[in-house]
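Chemist: sequence and predicted model, in that order:
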Amino acid sequence: MNKCLKNIDIKNKVVIIRCDFNVPLKNGKIIDNTRIVKSLETIKYCIKQQAKTILLSHLGRVTTEEDKKDKSLKPVAKELEKLLNEKVTFIPQTRGEEVENGVKNLKAGEVLLLENTRFEDIDGKKESGNDKALGAYWASLGDIFINDAFGTAHRSHASNVGISSNIKTSGIGFLIEKELTALEELNCPDKPFIVILGGSKVGDKIGVIENIVEKADKILIGGGMAFTFLKAEGYEIGNSICDNEHLSFCEKMTKKYPDKIILPVDFRVTSEFSDNTKVEEKDIDELDFNDMGLDIGPSTVEIFKNHLKDAKLVLWNGPLGVYELENYKIGTDKVLKYLAKNDIKTILAGGDIVAAATAAKVEDKIYHISTGGGATLEYLEGKVLPGIDAIK
Ligand code: AMP
């Protein structure tokens, strides 16, 4: 296990925290402050422990001087002040005299936020390319480094790997600790362990399927990706989405794991990708050449529930239908509500299924919602996350 914040003596020390303040902004206003709210526990702890805290984060992509205009972290400093009810000094620079003076003047219990780390990307991708001098410079500002930005943990940047490789003490914050504690359960899962996979493309999930198939008791496949598996089995899938490049992978998997991979037996089909065309429920062997399957059908929902009823752990990535359309969110909604109602220990991973859970108002009943996006998927593929690996 990585070194956690609560096991490090931070009193009177300068602590650099890499946060994830990559919030959506519109006309300089934050439209969703969830990421800032989630970072509060770690920051509050550092204030309470009388550390001198420096916060670093990226915000969006910055490749030109023009990009800087609407990618400043200044609105984040204001929002943080409001949420913490403490003064947050914003330094509109990423290095230089103003930064160094700000750090020198920091008193115990005070907080400083530096400008968007990706402002360093304009001149040769110094942040995203993990420029050695930049990582060493940021590390030189503090005594301890805490990484609490899980969303960028799969990247080797100056503000995570660069700092931790140049500082004596580094550790993980409470947000990453929670993510890892939940995700580590997947390495040795309680059984039965059921995986639900949906979404549109098989190609994006190959790494996850290969890494998880031996540990899972069942893999329930829905969403658009089910059609590639079904076509590989010889079914007519009509106009439904198909990832033709990966037909042979699907065929190989269903042959090797015939009892483990569970495919839908019926669908809600229509003629166009729209909420305005007639919906029919059809069994898989009834699909016509012009049918487009946009959701799993009622029999499939029941089969999935039956597999889930005794589950001790469920991992779910990707919706079971086009949940963005009213007519085709039913399957995803029903399975989400079943898990919530029956208190089945569930980890949701990936933006779409998290959005579906929020819309279905079941997030409070879900054991863990992994917000890491790319980092979560790479973890599920069994890859090493450099931002965490550098903390040893
Ligand atoms: P992914 O990024 O691969 O997880 O895919 C998520 C997307 O898959 C969502 O936007 C869904 O609308 C889409 N999706 C789910 N089921 C289907 C389907 N049957 N046909 C087409 N798209 C689908």
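Modeler: Received, thanks.
Chemist: tell me the buried residues in stretch 339-357?
Modeler: For stretch 339-357, a neighbour-count test (16 or more other CB atoms under 10 Å) marks 339-340, 344-350, 352-354, 356-357 as buried. For every residue, glycine as well, the C-beta is placed using N, CA and C.
Chemist: do the same with stretch 238-251
Modeler: 238-243, 246-247, 249-251.
Chemist: from the ligand, how far out is the residue lying closest to L59 once chain neighbours are set aside?
Modeler: The shortest distance from L59 to any non-neighbouring residue, by CB to CB, 6 or more residues apart in numbering, is to N116 (4.7 Å). According to CB to the nearest ligand atom, to the nearest Å, N116 and the ligand sit 27 Å apart.
Chemist: burial measure for N116, as a count.
Modeler: The number of residues packed near N116 is 26, by other CB atoms under 10 Å.
Chemist: for it, give me its contacts.
Modeler: With contacts defined as CB atoms under 8 Å, 6 or more residues apart in numbering, N116 is in contact with 57-60, 62, 68, 71-73, 94.
Chemist: so what pLDDT did it get?
Modeler: N116 is assigned a predicted lDDT (pLDDT) of 98.
Chemist: residues of the protein that sit close to the ligand?
Modeler: Applying CB under 6 Å from any ligand atom, one finds that the chain approaches the ligand through 198-201, 204, 223-224, 241, 293-294, 318-319, 321-322, 324, 350, 352.
Chemist: could you flag which of these are buried?
Modeler: Here, 16+ other CB under 10 Å leaves 198-201, 204, 223-224, 241, 293-294, 318-319, 321-322, 350, 352 buried among these.
Chemist: biggest separation within these, which pair?
Modeler: G293 and G350 (20.9 Å; CB to CB).
Chemist: where does the closest residue to the ligand within the chain land on pLDDT?
Modeler: Of all residues in the chain, G199 sits closest to the ligand, with a separation of 2.4 Å (CB to the nearest ligand atom). With respect to pLDDT, G199 scores 95.
Chemist: test my guess that it contacts D352.
Modeler: Yes. In this structure, G199 is within contact of D352 by CB atoms under 8 Å, at 6.4 Å.
Chemist: now list whatever residues contact both of those two.
Modeler: 318-319.
Chemist: residue boundaries of the strands in the stretch 251-392 of the chain?
Modeler: 261-262, 266-270, 280-283, 292-296, 313-317, 346-349, 368-370 (DSSP state E, counting those that start in this stretch).
Chemist: out of those, which is the most enclosed?
Modeler: Neighbour counts (mean count of other CB atoms under 10 Å) averaged over each of the strands of the stretch 251-392 of the chain peak at strand 292-296, with a mean of 27.
Chemist: so what's R268 up against?
Modeler: Counted by CB under 8 Å, 6+ apart, R268 has contacts 279-281, 293-297, 321, 327-328, 330-331.
Chemist: G374: which of those residues is nearest?
Modeler: Nearest to G374 among the contacts of R268, with distances taken as CB to CB, is G321, at 23.4 Å.
Chemist: which residues sit in contact with the residue nearest to the closest one when sequence neighbours are not counted?
Modeler: In this structure, G321 finds its nearest non-sequential neighbour in D295, 3.0 Å apart by CB to CB, 6+ apart. Going by CB under 8 Å, 6+ apart, D295 touches 267-268, 320-322, 327-332.
Chemist: rerun at 10 Å
Modeler: 222-223, 264, 266-270, 279, 281, 301, 319-323, 325, 327-333 (CB atoms under 10 Å, 6 or more residues apart in numbering).
Chemist: show me where the stretch 201-350 of the chain has its helices.
Modeler: 206-212, 225-232, 247-256, 298-308, 330-341 (DSSP state H, counting those that start in this stretch).
Chemist: among those helices, which is the most enclosed?
Modeler: helix 225-232 (a mean of 24).
Chemist: for N101, give me phi and psi.
Modeler: Backbone torsions of N101, given as degrees, to the nearest 10, read phi -70, psi -40.
Chemist: so it touches I91, yeah?
Modeler: Yes. Using CB atoms under 10 Å, N101 is in contact with I91, at 8.8 Å.
Chemist: which other helices and strands does the lowest-mean-pLDDT helix or strand in the chain contact?
Modeler: Scoring the helices and strands of the chain by mean pLDDT, DSSP states H and E places helix 351-359 at the bottom, with a mean of 88. On a contact count with 3 or more CB pairs under 10 Å, 6 or more residues apart in numbering; DSSP states H and E, helix 351-359 meets strand 313-317, helix 330-341, strand 346-349, strand 368-370, helix 374-380.
Chemist: output these in a markdown table; the columns should cover distance to N27 and mean pLDDT.
Modeler: Formatted as a markdown table, these follow (distance: least, CB to CB, whole Å; pLDDT from 0 to 100):
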| stretch | distance to N27 | mean pLDDT |
| --- | --- | --- |
| strand 313-317 | 34 | 96 |
| helix 330-341 | 33 | 98 |
| strand 346-349 | 32 | 95 |
| strand 368-370 | 29 | 92 |
| helix 374-380 | 28 | 92 |
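Chemist: so which of those is nearest L84?
Modeler: Using CB to CB, the helices and strands packed on helix 351-359 put strand 368-370 closest to L84, at 23.4 Å.
Chemist: thanks a lot, catch you later.
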